[in-house]
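# For reference, the sequence and a predicted model appear below.
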Amino acid sequence: MSLNNEEFRPKIVAFCCNWCSYAGADLAGSSRLAYPADVKIIRVPCSCRVNPMFILRAFEKGADGVILCGCHPGDCHYSTGNYYARRRMTLLFSMLDYIGVENGRTRVEWVSAAEGVKFSQTMNEFVEKIHSLGKNVRLGDLRCRN
Amino acid sequence: MSSAKNQAEKIKEISGVNPLKCMKCGKCSASCPAFNEMDIKPHQFVSYVQNGDIEALANSKSLWKCLSCFACVERCPRDVQPGKLIDAARQLVVRQKGQTGLAPEEIPELLDPELPQQLLVSAFRRYRR
Amino acid sequence: MQRIGVFVCHCGSNIAATVDVKKVVEMVQMEPGVVHAEDYQYMCSEAGQAKIAAAIHEKNLTGIVVCSCSPRMHENTFRTAAQRAGLNPYMVEIANIREHCSWIHKDMEEATKKAVILARAAIAKVNLNTPLQPGESRVTKRALVIGGGIAGIQTALDIADAGYEVDIVEKTPSIGGRMSQLDKTFPTLDCSACILTPKMVEAAAHEKIKIYTYSEVEKVSGFVGDFTVDIRKKARSVDANKCTGCGVCQEKCPSKKAPSEFNRGLNTRSAIYTPFAQAIPNVPVIDRDACLKFKTGKCGVCEKVCQAGAIDYTQQDEIVTEKYGAIVVATGFDTIKLDNYDEYAYNQSKDVITSLELERIMNAAGPTKGHLERLSDGKHPHEMVFIQCVGSRCSDNRGKSYCSKICCMYTAKHAMLIRDKYPDVNVTVFYIDVRTPGKNFDEFYRRAVEEYGVNYIKGQVGKVILKPNGKLLVQGSDLLDNKQILKEADMVVLATAIEPEPSVRQIATMLTASIDTNNFLTEAHPKLRPVESPTAGVFLSGVCQGPKDIPETVAQAGAAAVKAIGLLAKDKLMTNPCTAKADELMCNGCSTCANVCPYGAISYEEKEVNDHGIRETRRIAVVNNALCQGCGACTVACPSGSMDLQGFSNRQIIAEVDAICR
């Protein structure tokens, strides 16, 4: 267990679709728009590639927050992918909330390739929110702890 | 200097305005009905706050000539809203006197019979509770 | 077990300034599968790529992780380098430690830590990578250009001259676009029609170009090299094959009260009309909302006077389906609506006009036959005021945050032309900045001031007041003189911001091309791929991508054409091998995947399988690799978990998640 007096550094997984959000994150980078290093991005072809299992896995492995970013509704590179993602996540997040992973720890956000500013803002807000919620302990595998 | 800087920060905090957004187009001065009465013109408010020259702003005639009609706030293309800056500067002056508003006996001295009394209205708008 | 090589790039100081590159190299060597790690100044350089090739040979690498800039930048570079060295290109993964790390973090320790984690995630993924083989797809050697303005015409001409078929789809009755509405063009003051009309004629006469006017793109399916497009040809009510373009129908039409779109509503046109005299094709259209025959059933004058018998009231919209290899978007722009700008009195006075309206007034074929006059009373103006940046550079919610780019120059042009033709008219321009970056642009603006005596005042206008005597009172500021100015004017011209033609939104959605918050189409790379959309096979021409003047538009149109020709010249395209694949033993043929597939790429086969010794015939999903685009929707929908996406498999992504959360 990490020391209590150490500053809480959350583990945050961000799934970004290749066409909009990943490019938006790139733009945030090339525009030097800072957000906390706690956010780590995983590139997926489309937000609809994100299996709820991936998110459960992240929480199980100790992630404190998971955010899924995709193209704006109607702008999906594959036409409809983000609609599937939206429905799946709505369901998953309400289930997660039910088992104690608060809604603040999960988020879906639409970020286009041109929205570097929005990407950075969203990540800053999200990390702040996770800070206010503290460490996620609900889904962690207790057997691995000592 | 640092106190001037603090004051500038205070003005930004009270007004919620970011002076750096100003592109110096002058639409505020073009809109201002009290322009000719002012010694520091609306478009200059921003630079005074940016430069931290709050003392000049606090001692200016403009502080009390602004009608708070908010035409500049309404029309500013960059959301800088100089009217809010001067409103904040006015509050700063009032607060420095250790008050939360103007004392009734101070008002007649500041009244200008030539100008409509929107300032008073705006003061009421701000201080009513 | 893979044998992985990790290559960490300094990117000069871009990465090395905030990420301790040596530390990353040291840390990743402890990861499973890593047998080689090194850093270098510029991995993408020839020397950097040579290092990768050498390591592949020496250490027998089976997988590679490059810690560098975004994969959107150099993934292809490194894959090609690996391929040249004999490795399957899909065994390469990129850890983005520049855009997602060094550029956004300041603290070296923190950034280094993050870089190591990102590298670990990529290593974990490569451990599960398998070699993939791209398939092939054919290229239809025909291009579609959406929009028939100068951008679309130029692109079509360039593609056609290279020997490929091109179709232009234009939604108005004639090609020509905004340029046909202009009177003169800056900075040489050429007559716009004189330089545009020959191009229109050339396009119409070109044997490789087919023009669909009064038509709109209705549906787009397919992908690069093989798009299928439905084009709606709106009913013209005139048979284009019979019409001789004599114009008698327009003359005799009794319904002449429809506002003329071409003249920006400043005057009216007949219900049967061609937008302007040089229209191509010179075949009129019946505006069914204005036509008496369609509204009341009584009239039919045009049918009676038409000697060619071309009028056909029964004509219906027609859908044409055509295949294309490349699509160029050239939808252009419109001026913004001024409803949010009450202070300029645009909606209150006819004498407050936009610059595009002035363009029509100055034109000999315009509503005033080219005479400068007030639209309210027809009087000649003596004082004219131009207001710059109306709706441009506005970060409030009323206007557009960008600079419209062309206004400074066309205002100088208007001011100069008016002073030249009517020396008795005083012209005042209120400006915030005069922006004239372009060849001979600043000289042009200075000529307006120095030779033509145009009065430029630095300051914005706060309000335009309509006076009872019909004159306009302009209240502006003169920032250099620190004065407020009240100026009486006869006419006020607003340099109104431009915005992408609103219909571009639907077109972008149909093409799945990305669009920014201002509705401008996004380019694949802002500097290095400025005429390509991130969607393969879609190219951008003209103002749909960003504000531009005519020379820039023509240059970009040519560039877009070259990109399209480059695509059409290929016989076959390599397809993305990252496609979905069903595990035969797990698939139960439920059809869930086929229901979510946007491309219809999944079908079912009765197939004999050997499930642990049990031989039986089962219904199994089969993915058509030529159609699958690799979105992965099916992989999540699949209830048995048999569907997986190659290159982004469940195990690979979970491995990344694990590496990040470790």
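Yep, that arrived. Because the structure is a prediction, the values reported are computed rather than measured. Numbering: from 1, shown residues only, chains lettered A, B, ... in the order given.

# the strands in chain A, which residues?
Here chain A has its strands, by DSSP state E, at A:12-17, A:39-44, A:65-70, A:106-110.

# what's the pLDDT at A:Ser47?
You'll see A:Ser47 listed with a pLDDT of 95.

# neighbours around it, how many?
33 (other Cβ atoms under 10 Å in any protein chain shown). Placement of C-beta: from N, CA and C, glycine included.

# what separates A:Val117 from chain C, distance-wise?
10 Å (Cβ to the nearest Cβ, to the nearest Å).

# so what's that residue closest to, chain neighbours aside?
Once flanking residues are discounted, A:Val117 sits nearest to A:Leu33: 6.2 Å by Cβ to Cβ, 6 or more residues apart in numbering or on different chains.

# Look up how far C:Cys638 lies from that neighbour.
38 Å (Cβ to Cβ, to the nearest Å).

# Now for the residue of chain B at minimum distance from chain A, how many residues are close by?
Relative to chain A, the nearest point of chain B is B:Lys21 (14.0 Å; Cβ to the nearest Cβ). Counted with other Cβ under 10 Å, the neighbours of B:Lys21 add up to 14.

# got the contact list for it?
B:78-80, C:395 (Cβ atoms under 8 Å, 6 or more residues apart in numbering or on different chains).

# Same question for A:Tyr78.
A:45-46, A:48, C:512, C:598, C:629, C:631, C:633.

# Quick check: pLDDT value at the residue most central in space within chain C.
Nearest to the geometric centre of chain C sits C:Leu521, at 3.2 Å (Cα atoms, centre = their mean). Looking at C:Leu521, its pLDDT stands at 94.

# wait, it sits on C:Ser541?
No. If you go by Cβ atoms under 8 Å, C:Leu521 and C:Ser541 don't touch, sitting 9.9 Å apart.

# distance of the most centrally placed residue in chain B from chain C?
Nearest residue to the geometric centre of chain B (Cα atoms, centre = their mean): B:Ile86, 1.1 Å. Using Cβ to the nearest Cβ, B:Ile86 is found at 16 Å from chain C.

# what about the closest residue in space to that residue that isn't next to it in sequence, how many neighbours?
Once flanking residues are discounted, B:Ile86 sits nearest to B:Cys66: 4.8 Å by Cβ to Cβ, 6+ apart. Per other Cβ under 10 Å, the neighbour tally for B:Cys66 reads 29.

# Quickly note the distance from B:Cys66 to B:Tyr48.
Using Cβ to Cβ, B:Cys66 is found at 13 Å from B:Tyr48.

# now do C:Val385
In terms of Cβ to Cβ, C:Val385 sits 30 Å off from B:Tyr48.

# what sits against C:Lys471?
C:488-490.

# change it to 10 Å
C:Lys471 is in contact with C:349, C:351, C:374, C:381, C:383, C:465, C:488-491, counting by Cβ atoms under 10 Å, 6 or more residues apart in numbering or on different chains.

# Please produce a markdown table containing those, extended by pLDDT, distance to C:Glu46 and secondary structure.
Shown next, in a markdown table, are these (pLDDT from 0 to 100; distance: Cβ to Cβ, whole Å; DSSP: H, G, I helix; E, B strand; the rest coil):
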| residue | pLDDT | distance to C:Glu46 | secondary structure |
| --- | --- | --- | --- |
| C:Ser349 | 95 | 65 | coil |
| C:Asp351 | 96 | 65 | coil |
| C:Arg374 | 95 | 67 | coil |
| C:Pro381 | 96 | 65 | coil |
| C:Glu383 | 96 | 65 | strand |
| C:Ile465 | 95 | 67 | strand |
| C:Glu488 | 96 | 69 | strand |
| C:Ala489 | 97 | 64 | strand |
| C:Asp490 | 97 | 67 | coil |
| C:Met491 | 97 | 62 | strand |
